[in-house]
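Novice: Predicted model and sequence follow; I will ask about them next.
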Amino acid sequence: MMKRSCIFVFVLFLNLILDIQSISGNKDLDRVYELPGQSFNVNFAHYSGYVNLLRTHLQNLFFFGSMEVLVGPFHIKPDGKTLYQNPYSWNQVANVLFLDSPVGVGYSYSNKSEDLLNNGDASTAEDSLAFLSNWLERFPQYKGREFYLSGERYAGHYVPQLAEAIVKHNKKTGDKSINLKGYMVGNALTDDYNDHLGVFQFMWSAGLISDQT
């Protein structure tokens, strides 16, 4: 099945390299104190790294808290080398966690090629739920906080299915660590009918197609 790339955005009303050998340990070792091209101090902490899904083999999902190009706290100047703070970053009003998902996308990886060839929507939801559960063990101060999922494009599949997996997990286990309050999807890919609804009307109104068409 073709792999769909996606960056999940987790919003916790959170900010986030975990030791890939363990989900426990000193998170301060994973803190990012300075980025290349950053010549200024910031008044927030951010972290980046891997969470091992703790299965029978090495399977890690990569998370980061700073360099998402649209809503992250830093932007890159036209010189391509230096950074400046994004005045509209989401972390000014909430704690934000970005995730490369599924395995094989971005910096997320597995040491078994089968994981790269056979992943799909259901396994992506399962892996993302395992990531969140393990991440919260590393950062327990965020357990129970209001939690929102967000994404764009193919996240129109990933986000609702992860939300369903969280709801089922909470109901089955009674665990309220992931206090899901809602989700948001932008420019979502869902199905052909809904994805193309209004496209032809828009094209006609913009003069891109004729009345006869």
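Specialist: Sure, I can see it. Numbering: from 1, shown residues only.
Novice: For the rest of this, base every contact and every neighbour count on C-alpha atoms.
Specialist: Fine.
Novice: Reduced to three states, what does Leu136 come out as?
Specialist: For Leu136, the assignment made with DSSP: H, G, I helix; E, B strand; the rest coil gives helix.
Novice: and it, how far is that from Ala155?
Specialist: For Leu136, the distance to Ala155 equals 22 Å [Cα to Cα, to the nearest Å].
Novice: what does Ser123 give?
Specialist: 14 Å.
Novice: With neighbour numbers in mind, choose between those two.
Specialist: Ranked by neighbour count (other Cα atoms under 10 Å), Ser123 and Ala155 place Ala155 first, with 28 against 16.
Novice: Thought Tyr183 was touching that one, still the case?
Specialist: No: between Ala155 and Tyr183 there is no contact, the gap being 10.6 Å when judged by Cα atoms under 8 Å.
Novice: Distance of the residue in the chain sticking out farthest from the centre relative to Asn118?
Specialist: Here the chain reaches farthest from its C-alpha mean at Gln212, the gap being 43.9 Å by Cα atoms, centre = their mean. Distance of Gln212 to Asn118, given as Cα to Cα: 45 Å.
Novice: what do you get for Lys112?
Specialist: Distance of Lys112 to Asn118, computed by Cα to Cα: 11 Å.
Novice: Beyond the least confident helix or strand in the chain by mean pLDDT, next helix or strand please.
Specialist: Lowest mean confidence among the helices and strands of the chain (mean pLDDT, DSSP states H and E): strand 6-12, at a mean of 51. Later in the chain than strand 6-12, the nearest helix or strand by DSSP states H and E is strand 31-32.
Novice: which other helices and strands contact that next one?
Specialist: strand 46-52 (3 or more Cα pairs under 8 Å, 6 or more residues apart in numbering; DSSP states H and E).
Novice: for the helix or strand immediately after the strand it packs on in the chain, what is the average pLDDT?
Specialist: Moving toward the C-terminus from strand 46-52, the next helix or strand (DSSP H and E) is strand 59-64. Averaged over strand 59-64, pLDDT sits at 74.
Novice: Low-confidence regions, this structure specifically.
Specialist: By pLDDT under 70, the weakly predicted segments of the chain are 1-26, 54-58, 65-69.
Novice: quick one, strands of it?
Specialist: Under the criterion DSSP state E, the chain contains strands at 6-12, 31-32, 46-52, 59-64, 74-76, 83-85, 95-101, 109-110, 146-152, 179-186.
Novice: Tell me the strands beside the second one, with direction?
Specialist: Okay, so that is strand 31-32. Applying DSSP bridges, strand 31-32 is found paired with strand 46-52 (antiparallel).
Novice: residues near Ser210, how many?
Specialist: By other Cα under 10 Å, the residues close to Ser210 number 10.
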